[in-house]
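S.K.: Got a sequence here, can you build the structure:
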Amino acid sequence: MGRTSDAKERLMEAMSELIWTGSYGTTSVDHICEKAGVKKGSFYHFFESKTELALTALDHGWTEHRKKLDQTFSPVIQPLERIWRCFREFREEQEAMQEKHGRVLGCPIHSLGAEVSTTDDKLRDKLQEILAQFIRYYESALRDAHFQGVIDAPDAPALARILFAYGEGLLLHARIWNDLSHLNEMEAGARRILGVKDEE
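M.R.: Here you go, the predicted structure:
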């Protein structure tokens with residue numbers, strides 16, 4: 001089993017990767033333990049169920065990802081540049097995962113959410129919480145851009161939801177077609193949604 005002290009971390013890492021690459025519903029505790037190199041008894045020492053492990057892994061992953069988002073959406077960066085940087089980071093992350101796993105994986109939060117939203121209330125609620133927090137990064141950038149007169153966005157929350165749905169839709173298409181070219185015009189499409197001219 002290796003060192004007991006890192007078993008919990010390895011279980012969370014295994015769960016996170018399985019959320020990225022496979023189906024949550026068909027992933028068993030045995031499968032998770034095998035991937036993590038942890039005995040089943042140790043799994044139940046740390047977690048009561050697969051759902052509890054998934055919730056813990058999601059919390060940990062989101063906490064780590066927010067550190068990057070806090071930099072990407074820093075107020076010292078011009079508002080729309082924050083969004084364009086986020087889009088570029090989407091692409092870089094997808095390229096890295098494609099190289100590692102051999103296919104385009106899209107957004108793990110939406111992939112998992114589409115699978116469990118009608119079957120697991122606890123996971124659905126956690127995913128909704130994460131997505132709502134993510135959208136607020138867009139909202140903050142759009143509100144700042146509106147105040148600067150760069151775009152007309154009197155209802156920043158609504159526009160943030162639209163823009164976020166657009167980006168996530170492209171990620172989903174890239175996963176379905178296994179083709180990163182679906183992300184090529186992410187920024188150009190967002191500029192049309194926001195009514196931003198190319199030079200801005």
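
S.K.: In the protein, what residue spans correspond to strands?
M.R.: Ranges of strands within the chain: none, based on DSSP state E.

S.K.: Which residue ranges of it form helices?
M.R.: 7-21, 29-36, 40-46, 50-72, 79-101, 108-116, 121-147, 156-177, 186-194 (DSSP state H).

S.K.: will you turn the ones you listed into TSV that also has mean neighbour count?
M.R.: For glycine as for every other residue, the C-beta is placed from the backbone atoms N, C-alpha and C. Formatted as TSV, the helices of the chain follow (neighbours: other CB atoms under 10 Å):
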stretch	mean neighbour count
helix 7-21	19
helix 29-36	17
helix 40-46	14
helix 50-72	16
helix 79-101	16
helix 108-116	18
helix 121-147	18
helix 156-177	17
helix 186-194	16
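
S.K.: Let me have those helices in a markdown table, adding mean pLDDT as columns.
M.R.: Shown next, in a markdown table, are those (pLDDT from 0 to 100):
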| stretch | mean pLDDT |
| --- | --- |
| helix 7-21 | 93 |
| helix 29-36 | 95 |
| helix 40-46 | 94 |
| helix 50-72 | 96 |
| helix 79-101 | 97 |
| helix 108-116 | 93 |
| helix 121-147 | 97 |
| helix 156-177 | 97 |
| helix 186-194 | 96 |
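
S.K.: what's stretch 62-75 in contact with?
M.R.: 82, 85-86, 89, 130, 133-134, 137, 140-141, 144 (CB atoms under 8 Å, 6 or more residues apart in numbering).

S.K.: and of the residues you listed, the nearest to residue 38?
M.R.: residue 130 (25.4 Å; CB to CB).

S.K.: Look up how far residue 16 lies from the nearest residue to the closest one once chain neighbours are set aside.
M.R.: Spatial nearest neighbour of residue 130, excluding adjacent residues (CB to CB, 6 or more residues apart in numbering): residue 62 at 5.1 Å. As defined by CB to CB, to the nearest Å, residue 62 lies at a distance of 11 Å from residue 16.

S.K.: And residue 57, by the same measure?
M.R.: Relative to residue 16, and taking CB to CB, residue 57 is found at 5 Å.

S.K.: Equivalent analysis for residue 168, please.
M.R.: Taken as CB to CB, the span from residue 168 to residue 16 is 19 Å.
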